[in-house]
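K.L.:
After the sequence you'll find the predicted model.
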Amino acid sequence: MSEQGTTTQLCKLQHRERDNYNNIFPKDAGVIRSHYYAKSGPASFKLIPKKTALISSNSVMCFLQDVKAKKTL
């Protein structure tokens, strides 16, 4: 995904890392590196390009499996 010159990357951390929101991930953790969005209206969000977010790739996979399971019901 790319928006306003930003990218979202799937990567394996080379060292322990903390994102701009104080989430800490251990070395070798699989993460998705991207940016945060802030709510800017009732149904709209604004990209915060100077803040890096790390999301556990395992968390995303669990979430997607749950969404897929609920979609088939």
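P.N.:
Looks like it arrived, so ask away.
K.L.:
got the residue ranges for the helices in the protein?
P.N.:
For the chain, the helices defined by DSSP state H occupy 57-71.
K.L.:
And the lowest mean pLDDT element among the helices and strands of it?
P.N.:
strand 2-3 (a mean of 44; mean pLDDT, DSSP states H and E).
K.L.:
Can you name the residues bridging to the most centrally placed residue in the chain?
P.N.:
Nearest to the geometric centre of the chain sits residue 55, at 3.9 Å (CA atoms, centre = their mean). Beta-bridge pairing for residue 55 (DSSP bridges): residue 32.
K.L.:
and residue 19, what is it in contact with?
P.N.:
Each residue near residue 19 by CB atoms under 8 Å, 6 or more residues apart in numbering is listed here: 25, 52-54. For the C-beta atoms, the positions are set from N, CA and C on the backbone; glycine is no exception.
K.L.:
Just among these, which is most surrounded?
P.N.:
The most neighbours of any of the contacts of residue 19, using other CB atoms under 10 Å, belong to residue 54, which has 20 neighbours.
K.L.:
can I assume it is in contact with residue 17?
P.N.:
Yes. Between residue 54 and residue 17 a contact is recorded at 6.6 Å, counting by CB atoms under 8 Å.
K.L.:
Overlap of the contact sets of those two?
P.N.:
25, 31.
K.L.:
how much space between residue 18 and residue 41?
P.N.:
Remark: distance between residue 18 and residue 41 (CB to CB, to the nearest Å) = 30 Å.
K.L.:
Give me the more crowded residue out of these two.
P.N.:
residue 18 (11 against 7).
K.L.:
bridging residues for the more buried one?
P.N.:
Note on residue 18: beta-bridge partners by DSSP bridges are residue 24.
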